[in-house]
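Engineer: the following block contains a protein sequence and its predicted model.
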Amino acid sequence: MTAAGLFAGIGGIELGLSKAGFKTELVCEIDPGAAEVLRRRLEVDVHPDVRNLGQLPTVDVVAAGFPCQDLSQAGRTAGIAGKQSRLVGEVFKLLAPRGRAPRWLFLENVPFMLQLQQGRAMAYLVSELEKLGFMWAYRVVDAQSFGIPQRRKRVLLLASRTEDPRTVLFGTDAGAEPSSRFDGKQLCGFYWTEGTRGLGWAVDGIPTLKGGSTLGIPSPPAIWDPLDGSFSIPDIRDAERLQGFASGWTLPAGGIPGVRGTHRWKLVGNAVSVSVAKWLGDRLLSPSGTMPQSVALKSGDPWPKAAWGRNGQTYSVDVSPYPQRRKCKPLREFLRFARTPLSLRASAGFLSRAEQSCLNFEDDFLDDLSRFVADSTRRAAA
C-alpha cells in the first residue's frame, strides 16, 4: 500500500503508516523546519506548497492533517474559512480528477471543530466530499487509547469512493473513558498559560501538546509533583516521545537558519500521534469487528463524537474515543529526561490567575504553587 502526505508536518501520519506497512510516495510541507525533519528522518523529497502541487501521484491513501490554527480552542477560532484551515480546499481540488482518485482519503484535525460555529467546518468537509462522490466516516479518538500518557483527542475522518470507511473506524471499541482519580502521588500536567477558565488538567499524564497559545507562541505544559511540591516543564525529547517519535526527532529543524529553538515545541504540538496513525494503517490493511448501531441525524442536530454519511444523510454512531485499551505507563516512569523548573514569571502569573478564578484544584496544589513562587522569588533576589 502506498501513501501521499499533505500538510505532513514532522511526519506523524507518514511514520505511523510506515510502521503499519505503507510506503510514502510524496510529502508536502511548507514549514522549513518541518520539511528538514521530513527530509532527514523519512529520507523523502519534500514538495513545499500544496497550492502548487498540480496533481497527486497514484497512491492508495492520501493523508492530510490540515492546519488547525483556525479551528482550535487554543487558536484563532476563525473557523474553516480562516487563512490557514481553508487550505484543506486544496485537497479537494487535487481529488477532483476522478481518474487519479486514491482508494482512501484520511483527514485529521481537532475535535473543537465539531462545535465551533455550530460545526460549520465539518459540514463543509462532508459537503465537499459528497460532491466528489465519497462516502465518509469520522471518529474522535484519544491517544491515551494506545498507552500514551497524553490526553489528546483528535477527529479522524476517513472517506472513499469505492470502500466502506465504517468497518475501519468503528469495528473496535474499548468502552468508556478510563477514570483519572488522583491518589496524591501521581505527577499532574496542566497548562501554565491558562488558569482563569481552565487548566487542561491531566492526572498521571499531560494535557494535549499544542503548537501555541492564541498568540501562536509555543508553550510546553507544566508538571506538578505533589511528592516534592515542584513545578516544571518536560524536556522536548520527552515531548517527542509523548507523540510517538524517537527522542531528538525534531533536531534537524534547529539547523535551519532563522528557525528558533522553541519552534521544535510548535512542530511537536502540531504533529499527529504516530500511534494513532499506525492504528489507522493497521485497520486499513485489516478491517474487522462488529458494526455498532447507527441513528439518523436531523438537520440542525449537533455533530456527535462519531458519525458517517453519504448522499446527504448523516448517521450518529455510539462508539467511545478508545478503539482499544493499552495500559499507560505512569508519567513518572515514562519521562526519561530531566525537567526544567517552571520560570518565576510563568508560575507567578499562573498563581495570580488561579487565585482569582472559581476553579477547583486538588488539595495542596495552590499551597505548593505559592511556596514554589516564594522560593523562586527569593532565589531571583539573591
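Structural biologist: Done, it's in.
Engineer: please, where are all the helices along the protein?
Structural biologist: Secondary structure of the chain (DSSP state H): helices at 12-20, 32-42, 88-95, 120-131, 166-170, 236-242, 263-270, 274-285, 331-334, 344-356, 365-381.
Engineer: a markdown table for those helices, including distance to Asp318?
Structural biologist: No exception for glycine: its C-beta is placed from N, CA and C like everyone else's. A markdown table is the format used below for the helices of the chain (distance: least, CB to CB, whole Å):
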| stretch | distance to Asp318 |
| --- | --- |
| helix 12-20 | 26 |
| helix 32-42 | 37 |
| helix 88-95 | 28 |
| helix 120-131 | 18 |
| helix 166-170 | 9 |
| helix 236-242 | 29 |
| helix 263-270 | 31 |
| helix 274-285 | 19 |
| helix 331-334 | 31 |
| helix 344-356 | 37 |
| helix 365-381 | 36 |
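Engineer: dump those helices into CSV; add distance to Ser180 and mean neighbour count as well.
Structural biologist: Below are the helices of the chain laid out as CSV (distance: least, CB to CB, whole Å; neighbours: other CB atoms under 10 Å):
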stretch, distance to Ser180, mean neighbour count
helix 12-20, 24, 24
helix 32-42, 32, 21
helix 88-95, 33, 19
helix 120-131, 28, 19
helix 166-170, 25, 22
helix 236-242, 16, 23
helix 263-270, 22, 23
helix 274-285, 19, 23
helix 331-334, 11, 17
helix 344-356, 20, 16
helix 365-381, 15, 15
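Engineer: what's the closest of these to Ala253?
Structural biologist: Nearest to Ala253 among these is helix 32-42; the distance by CB to CB comes to 3.4 Å.
Engineer: run through who's touching that closest one.
Structural biologist: 8-11, 14-15, 18, 24, 27, 29, 44-46, 48, 249-250, 252-256, 258-259, 263-264, 267 (CB atoms under 8 Å, 6 or more residues apart in numbering).
Engineer: now do the strands in the stretch 201-350 of the chain.
Structural biologist: 202-203, 222-225, 230-233, 294-296, 306-310, 313-317, 340-341 (DSSP state E, counting those that start in this stretch).
Engineer: got those strands as a markdown table, with distance to Leu38 and mean neighbour count columns?
Structural biologist: Output for the strands of the stretch 201-350 of the chain, formatted as a markdown table (distance: least, CB to CB, whole Å; neighbours: other CB under 10 Å):
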| stretch | distance to Leu38 | mean neighbour count |
| --- | --- | --- |
| strand 202-203 | 29 | 20 |
| strand 222-225 | 30 | 23 |
| strand 230-233 | 26 | 20 |
| strand 294-296 | 38 | 13 |
| strand 306-310 | 31 | 22 |
| strand 313-317 | 34 | 18 |
| strand 340-341 | 28 | 14 |
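Engineer: tell me which of those lies nearest to Lys93.
Structural biologist: Closest approach to Lys93 among these (CB to CB): strand 306-310, 21.4 Å.
Engineer: which strands or helices does the worst-scoring helix or strand of the chain on mean pLDDT pack on?
Structural biologist: Sorting the helices and strands of the chain by mean pLDDT, DSSP states H and E puts helix 88-95 at the bottom, at a mean of 88. Applying 3 or more CB pairs under 8 Å, 6 or more residues apart in numbering; DSSP states H and E, one finds that helix 88-95 contacts strand 2-6, strand 61-64, strand 104-109, helix 120-131.
Engineer: relative orientation of it and strand 2-6 in degrees?
Structural biologist: With axes from the mean of the first three to the mean of the last three CA atoms, to 10 degrees defining the directions, helix 88-95 sits at 140 degrees from strand 2-6.
Engineer: what's in contact with helix 88-95?
Structural biologist: For helix 88-95, contacts defined as CB under 8 Å, 6+ apart pick out 6, 50-51, 53, 55-56, 62, 64, 66-67, 80, 101-102, 105, 107, 125, 128-129, 132.
Engineer: any chance of the helices and strands packed on helix 88-95 in a markdown table, plus mean pLDDT and distance to Arg378?
Structural biologist: Shown next, in a markdown table, are the helices and strands packed on helix 88-95 (pLDDT from 0 to 100; distance: least, CB to CB, whole Å):
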| stretch | mean pLDDT | distance to Arg378 |
| --- | --- | --- |
| strand 2-6 | 95 | 50 |
| strand 61-64 | 96 | 51 |
| strand 104-109 | 94 | 45 |
| helix 120-131 | 91 | 49 |
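Engineer: can I get those in CSV with distance to Gly205?
Structural biologist: Conversion of the helices and strands packed on helix 88-95 to CSV gives the following (distance: least, CB to CB, whole Å):
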stretch, distance to Gly205
strand 2-6, 28
strand 61-64, 26
strand 104-109, 21
helix 120-131, 27
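Engineer: let me see the domain layout of this protein.
Structural biologist: What automatic domain parsing lists as the domains of the chain is 2-176+272-317, 188-238+328-381.
Engineer: quick one: end-to-end length of the first one, please.
Structural biologist: Distances were taken as CA to CA, to the nearest Å; on that basis the terminal residues of domain 2-176+272-317 are 29 Å apart.
Engineer: hang on, the earlier thing: need the buried ones from the contacts of helix 32-42 selected in PyMOL.
Structural biologist: Burial among these is assessed by 16 or more other CB atoms under 10 Å; the matching PyMOL selection reads:
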select buried, resi 8+9+10+11+14+15+18+24+27+29+44+46+249+250+252+253+256+259+263+264+267
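Engineer: on that earlier part again, so which of the domains of the chain comes closest to Gly244?
Structural biologist: Comparing the domains of the chain under CB to CB, the one sitting nearest is domain 2-176+272-317, at 2.9 Å.
Engineer: and the closest one, how far out from the chain middle?
Structural biologist: Remark: domain 2-176+272-317 is offset 11 Å from the chain centroid, using CA atoms, centre = their mean, to the nearest Å.
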